[in-house]
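Chemist: Could you look at this predicted model? Sequence included:
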Amino acid sequence: MQSHSKLRIASASAQPAVPGLHGWADLPDGPLSSILALSGSFRDVLAFVATCRSWCAAFSSYPNRSAFCTRFPPLLVQFNACVQAPDLPSNKGRHELRTCKVIDPINKNIALRCQIPQAIYQEMHFAGTSYGQLICCLAGYCLVVDVFSGAEVSPPRLPFSSDFESEFYVSGTLTAPLASPNSHLLVSTATSFDWPVGSDSWSELQFSDAWIVQIVELNGQFLAMDDWYKIYTLQLSPQLGLQEITTEWVGDLAPSSYVDPWLVVCGNMLLMVSCFKTMSPGCLPHHLDMSTNPAKWVEVNQLDNWALFVAGDVRSPLFSCMSPERWGGRSKWLYYAGCRSFIAHGVGDERDPSASPKLEYKRSCSRELQPLWVYPSTFYSDAQ
């Protein structure tokens, strides 16, 4: 028979530690935010969100979700990838399935999925990725598809001329996440068009000769680059507009189509990363110093504790990740999105002069989707 003291202890332990708290689902937002902040990978975040409705709601209201985009590396998405499927009928002794494959650099052996319908990435033409959204165009029609949920947004048909349909190169980018109140979809070919998300029509943009190919956000300000590598501040309201930032290149290796330059934000720095085909492996970043007039592009030999992520299509944005050693990566290295996995090599002073020229990353444009890096769209919509 139990003693009275043991009975009292058993009775007390059966009561919730906090009045009104009946289980993990009832944890208040404070402890849940602390748990979420300890996440070490996207897999941890996905597990957190899938725990229950209250935890999912806590993630939705987390005030700094965009911080995950610098703590974790982006996910590598490969389209039309071959995967082994032994249950399929044999095709000359092979049992393969073509599908979208997702690789997390932190957990390369963990299979992840994206929900883009096969017909979209096999039949439509690639125009870009932005804020976790895939942008495709075909014959004047555009489609914006969430890479991981498959949710689609269909803008009105573009008001293009007969010459538009023959254009091979079409680039598309968003000025802000789709859910933002002032989000615009910009589509550029011989002409630039603007669609305020949710509206009924496009408007033609008068950007002089500027063909906008990339938009980045730095310290709350939007910066744009055109196909001549000029830099502009982008004004979103009361109407879209561009103001060129006069820049000066320090050194002999100015940007051109030969070096495939692209913009990436690293903390408080705006970098232009160039691929020099005569160097090995040939990746060299320059930092835009806006404290001078004109602003100066200055060579960066030490990338400190940042890693860069680049894909093969020039319309796929670059990404940066801080302190990659936390997940097994390396600072001052560039990770290139390959067809099988990803390729890594040094940047700036970390370049290996003896490395094979095959380690160069090559950037071009193609109608077909090439492997690309992407962060889930949910990380771009911070709570207000």
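Modeler: Looks like it came in fine.
Chemist: all contacts plus neighbour counts: C-alpha atoms, from now on.
Modeler: OK.
Chemist: For stretch 114-123, which outside residues touch it?
Modeler: Defining contact as Cα atoms under 8 Å, 6 or more residues apart in numbering, one finds that stretch 114-123 is touched by 79, 99-102, 136, 145-150, 368-369.
Chemist: next one: stretch 32-48 to chain centre, how far?
Modeler: If you compare the mean C-alpha spot of stretch 32-48 with that of the full chain, they lie 19 Å apart, counting by Cα atoms, centre = their mean, to the nearest Å.
Chemist: heads up, I number from 389, so please use that
Modeler: In the new numbering, first residue 389, that becomes stretch 420-436.
Chemist: residues making contact with that stretch?
Modeler: Counting by Cα under 8 Å, 6+ apart, the neighbours of stretch 420-436 from elsewhere in the structure are 443-444, 446-447, 450, 460, 492, 494, 715.
Chemist: how about that stretch as CSV, C-alpha atoms only?
Modeler: These are the backbone C-alpha positions of stretch 420-436, laid out as CSV (Å, rounded to 0.1, in the frame of the first residue of the first chain):
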residue,chain,number,x,y,z
LEU,A,420,7.5,28.2,-29.4
SER,A,421,9.5,31.0,-30.8
SER,A,422,12.5,29.9,-28.8
ILE,A,423,12.1,26.3,-30.1
LEU,A,424,11.8,27.6,-33.7
ALA,A,425,14.9,29.8,-33.3
LEU,A,426,17.0,26.6,-32.5
SER,A,427,16.1,25.0,-35.8
GLY,A,428,19.2,23.7,-37.6
SER,A,429,17.8,22.9,-41.0
PHE,A,430,14.7,23.2,-43.2
ARG,A,431,13.8,19.7,-42.1
ASP,A,432,13.6,20.9,-38.5
VAL,A,433,11.4,23.8,-39.6
LEU,A,434,9.1,21.5,-41.6
ALA,A,435,8.8,19.2,-38.6
PHE,A,436,7.9,22.1,-36.4
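Chemist: buried sites along it?
Modeler: In terms of neighbour count (16 or more other Cα atoms under 10 Å), stretch 420-436 has its buried residues at 420-421, 424, 427, 429-430, 433, 436.
Chemist: pLDDT added to those residues, as JSON lines?
Modeler: Written out in JSON lines, the entries for those read as follows (pLDDT from 0 to 100):
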{"residue": "Leu420", "pLDDT": "77"}
{"residue": "Ser421", "pLDDT": "79"}
{"residue": "Leu424", "pLDDT": "81"}
{"residue": "Ser427", "pLDDT": "81"}
{"residue": "Ser429", "pLDDT": "80"}
{"residue": "Phe430", "pLDDT": "80"}
{"residue": "Val433", "pLDDT": "83"}
{"residue": "Phe436", "pLDDT": "84"}
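Chemist: ok, those residues vs Thr577, which is closest?
Modeler: Phe430 (35.3 Å; Cα to Cα).
Chemist: What is the neighbour count of Gly528?
Modeler: Gly528 has 13 neighbouring residues, counting by other Cα atoms under 10 Å.
Chemist: Can you tell me the SS state at the residue nearest to it when sequence neighbours are not counted?
Modeler: Nearest in space to Gly528, with sequence neighbours left out and distances taken as Cα to Cα, 6 or more residues apart in numbering, is Leu546 at 5.0 Å. When the structure is split into helix, strand and coil by DSSP: H, G, I helix; E, B strand; the rest coil, Leu546 lands in coil.
Chemist: Per-residue pLDDT of Val638, please?
Modeler: Reading off the confidence values, Val638 has pLDDT 78.
Chemist: Phe697 now?
Modeler: pLDDT recorded at Phe697 is 91.
Chemist: Please name the residues that touch it.
Modeler: With contact set as Cα under 8 Å, 6+ apart, Phe697 has these partners: 462, 706-708, 722-725, 761.
Chemist: about what we covered before: put together CSV for the contacts of stretch 502-511, with distance to Ser765, secondary structure and pLDDT on each row.
Modeler: Formatted as CSV, the contacts of stretch 502-511 follow (distance: Cα to Cα, whole Å; DSSP: H, G, I helix; E, B strand; the rest coil; pLDDT from 0 to 100):
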residue, distance to Ser765, secondary structure, pLDDT
Phe467, 18, strand, 78
Thr487, 21, strand, 70
Cys488, 17, strand, 75
Lys489, 18, strand, 82
Val490, 15, strand, 86
Cys524, 16, strand, 90
Val533, 10, strand, 92
Asp534, 7, strand, 91
Val535, 8, coil, 88
Phe536, 8, coil, 85
Ser537, 9, coil, 85
Gly538, 11, coil, 86
Glu756, 22, coil, 75
Leu757, 19, coil, 79
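Chemist: among the residues you listed, which two are most distant?
Modeler: So, the contacts of stretch 502-511 by Cα to Cα: farthest apart are Ser537 and Glu756, at 20.8 Å.
Chemist: low pLDDT regions in this protein?
Modeler: By pLDDT under 70, the low-scoring segments of the chain are 389-414, 417, 468-486, 548-556, 595-598, 639-648, 663-670, 736-751, 770-772.
Chemist: Show me where it has its helices.
Modeler: In order along the chain, the chain carries the following helices (DSSP state H): 392-401, 417-425, 430-438, 441-448, 456-459, 506-511.
Chemist: Looking at those helices, spot the one closest to Glu605.
Modeler: Closest to Glu605 of these, according to Cα to Cα: helix 456-459, at 13.2 Å.
Chemist: got the buried residues for the closest one?
Modeler: When burial is assessed from 16+ other Cα under 10 Å, helix 456-459 yields the following buried residues: 456-459.
Chemist: Measure how buried Asn495 is and give me the count.
Modeler: Counted with other Cα under 10 Å, the neighbours of Asn495 add up to 14.
Chemist: ugh, typo on my part, it should be Ile619
Modeler: Here the neighbour count serves as a burial measure; for Ile619 (other Cα under 10 Å) it reads 23.
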